[in-house]
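Q: quick one: sequence and predicted model below, then my questions.
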Amino acid sequence: MLQLADEVFAVKNDPAQLDINQEVLERLMRIHPATVQEYNYGNGPVAWVLLIPTTLEIMQQFLDDTISEKELFEQTPLATKYEALYLCSALVLQEYRRKGIAKQLTLQAIESIGKDHPLKALFVWTFSKEGDLGAEALAHSTALTVHKRSK
């Protein structure tokens, strides 16, 4: 999964992107326990989804390209009510794609986070055609508007 993440997002070559490590995962869990989801098919994870709840103001700054993904994460306050949800990443191993796993994980996370926070919008920064299609599918499956950051 880590190799796939590096291939898709090239985080190591872009300091503006959020580089997932143990410290980041621990902070995400403090933001909300549903921010990191994985699907394990018995021999380890075959899919994982990472979401970042934040404020509408921070969402807009990110969409306007005035802050980076890393800054979005760092500026998101703890212990507040979140109205926006950043669909940060979804990865599925090749042989498990097109089965709805990432969509199911994301919808479960949205439902869980939505029970605790008044979510009004989803937002994405897609890196692939599959990411665009996934965002569109989520828009049709939720009552939330999906906003896209331009490349």
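A: Nice, thanks for sending it over.
Q: which strands and helices sit next to the longest helix seen in the chain?
A: The helix that spans the most residues within the chain, counting by DSSP state H, is helix 101-116. Under the contact criterion of 3 or more C-beta pairs under 8 Å, 6 or more residues apart in numbering; DSSP states H and E, helix 101-116 touches strand 36-40, strand 45-54, strand 84-92, helix 129-141. The C-beta positions use only the backbone N, C-alpha and C, and glycine is treated the same way.
Q: tell me the mean pLDDT for it?
A: For helix 101-116, the per-residue pLDDT values average out at 96.
Q: helix or strand next in line after that helix, which one?
A: Counting by DSSP states H and E, the next helix or strand C-terminal to helix 101-116 is strand 121-124.
Q: contact partners of that following strand?
A: 56, 59, 62-63, 83-87, 110, 131, 135, 138-139, 142, 144-149 (C-beta atoms under 8 Å, 6 or more residues apart in numbering).
Q: can you rerun that using 6 Å?
A: 59, 84-87, 135, 144-148 (C-beta atoms under 6 Å, 6 or more residues apart in numbering).
Q: quick one: which of the residues you listed is nearest Ile52?
A: Tyr86 (4.2 Å; C-beta to C-beta).
Q: give me the neighbour count for the residue nearest to that closest one when sequence neighbours are not counted.
A: With C-beta to C-beta, 6 or more residues apart in numbering as the criterion, Tyr86 has its nearest non-adjacent residue at 4.2 Å, and that residue is Ile52. Neighbour count of Ile52, defined by other C-beta atoms under 10 Å: 26.
Q: and the gap between Ile52 and Pro118?
A: 16 Å (C-beta to C-beta, to the nearest Å).
Q: equivalent analysis for Leu138, please.
A: Counting by C-beta to C-beta - Leu138 and Pro118 are separated by 18 Å.
Q: now do Glu69
A: 23 Å.
Q: cool, and Thr76?
A: In terms of C-beta to C-beta, Thr76 sits 16 Å off from Pro118.
Q: ok, now Leu85?
A: 11 Å.
Q: what of Gly42?
A: Distance from Gly42 to Pro118, by C-beta to C-beta: 37 Å.
Q: more neighbours: which of those two?
A: Neighbour count, other C-beta under 10 Å: between Gly42 and Pro118, Pro118 has more, with 8 against 5.
Q: perfect, that will be all.
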